[in-house]
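Peer 1: structural data only, the sequence is not supplied:
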């Protein structure tokens with residue numbers, strides 16, 4: 001993840017501020033029933049800022065049917081209210097089954113023992129968009145400072161899963177790299193997330209590109225926890241001379257052009273229960289983001305997705 005990406009997430013979180021198990025029958029209503037190949041709109045973030053309507057039309061023209069948002073602020077997606085943005089997507093033959101919005105500790109009131117109205121509106125607008133997953137892509141550093149803070153926030157994850165369930169959605173978390181490098185009490189943060197979140201309430205979206213440099217093996221994770229990673233960010237990686245997107249010496253690139261053995265991982269993911277395959281590319285090696293989005297989709301289609 002680039003520094004700008006981290007600042008983008010943190011800025012979004014700042015703007016947004018201010019466990020029972022389901023029956024198998026109920027769970028089945030919220031789990032996607034077929035494979036989805038989509039694109040994380042952060043891939044074309046600058047284009048979405050300059051010309052969201054033209055960019056969405058271009059993505060649809062390439063053959064994309066699903067998008068995942070990375071911009072929600074003051075009840076607007078890329079500057080549009082939920083109903084208006086859904087109509088824009090509908091008019092282009094696009095659907096938005098998931099989206100990224102940072103949930104932080106200020107979205108919960110200890111006094112009321114409930115989520116704030118700001119966060120409830122987030123869930124309400126996601127439901128209006130027809131989302132299946134509401135995904136938080138960040139853990140604030142204050143949450144990671146001690147075990148008590150971490151456990152409390154995992155309680156909030158489960159509680160948000162229950163809140164999303166009321167609108168026939170699932171709550172999820174998207175990893176970066178710190179979850180696999182930072183520890184508390186001798187355990188990696190990602191192991192704590194797995195341990196203290198209810199798999200019936202909290203979906204995990206595995207970003208395979210963000211694992212580079214951490215020592216974590218995406219194939220092993222998928223096989224050890226089948227059915228846990230219902231969604232995936234599909235990325236390929238190349239070695240870079242700079243710090244890289246995650247300060248790990250690697251940048252994302254066109255699928256199949258890097259060293260991540262993506263096709264094999266995607267196939268393992270499908271066999272392990274993953275059903276949302278979301279393309280994301282953050283670096284472009286001289287090409288435009290839109291060109292990369294088109295090439296990435298062609299590769300995924302050639303792989304049968």
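Peer 2: In hand now; what should we look at? As the structure is a prediction and not an experimental result, all values here were calculated from the model.
Peer 1: helices along the stretch 151-300 of the chain, start to end?
Peer 2: Here the stretch 151-300 of the chain has its helices, by DSSP state H, counting those that start in this stretch, at 178-181, 189-196, 218-224, 262-271, 289-302.
Peer 1: so which of the ones you listed is nearest residue 42?
Peer 2: Residue 42 lies closest, by CB to CB, to one member of the helices of the stretch 151-300 of the chain: helix 289-302, at 9.5 Å. For glycine as for every other residue, the C-beta is placed from the backbone atoms N, C-alpha and C.
Peer 1: can you state the direction angle for that closest one and helix 262-271?
Peer 2: When axes from the mean of the first three to the mean of the last three CA atoms, to 10 degrees is applied, the directions of helix 289-302 and helix 262-271 differ by 60 degrees.
Peer 1: in helix 289-302, which residues are buried?
Peer 2: 289-290, 292-297, 299-300 (16 or more other CB atoms under 10 Å).
Peer 1: would you reformat those as CSV and include pLDDT and distance to residue 205?
Peer 2: Below are these laid out as CSV (pLDDT from 0 to 100; distance: CB to CB, whole Å):
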residue, pLDDT, distance to residue 205
289, 98, 21
290, 98, 24
292, 98, 21
293, 98, 19
294, 98, 23
295, 98, 23
296, 98, 17
297, 98, 19
299, 98, 20
300, 98, 17
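Peer 1: return the residue of the chain that is most distant from the centre.
Peer 2: Largest separation from the mean C-alpha position in the chain: residue 111, at 29.9 Å (CA atoms, centre = their mean).
Peer 1: quick revisit: which one of the buried residues of helix 289-302 is nearest to residue 172?
Peer 2: residue 300 (21.0 Å).
Peer 1: roughly how far does the residue lying closest to that closest one once chain neighbours are set aside sit from residue 305?
Peer 2: Among residues not flanking residue 300 along the chain, residue 37 sits closest, at 5.3 Å (CB to CB, 6 or more residues apart in numbering). Residue 37 sits at a distance of 5 Å from residue 305 (criterion: CB to CB, to the nearest Å).
Peer 1: joint contacts of the two?
Peer 2: Common contact partners of residue 37 and residue 305 (CB atoms under 8 Å, 6 or more residues apart in numbering): residue 277.
Peer 1: quick one, which of the two is more surrounded?
Peer 2: Taking other CB atoms under 10 Å, residue 37 and residue 305 do not tie; residue 37 has more neighbours (21 against 17).
Peer 1: and the more buried one, bridged to which residues?
Peer 2: In this entry, residue 37 is beta-bridged to residue 277, by DSSP bridges.
Peer 1: hmm, it is touching residue 68, no?
Peer 2: No: if you go by CB atoms under 8 Å, residue 37 and residue 68 don't touch, sitting 11.1 Å apart.
Peer 1: stretch 278-298: how far from the chain's middle?
Peer 2: 17 Å (CA atoms, centre = their mean, to the nearest Å).
Peer 1: how far does that stretch stretch from start to finish?
Peer 2: From its first residue to its last, stretch 278-298 covers 14 Å (CA to CA, to the nearest Å).
Peer 1: try stretch 221-233
Peer 2: Start-to-end, stretch 221-233 (CA to CA) is 14 Å.
Peer 1: again, but for stretch 192-201
Peer 2: Across stretch 192-201, first to last residue, CA to CA, it's 15 Å.
Peer 1: swap in stretch 36-47?
Peer 2: 23 Å.
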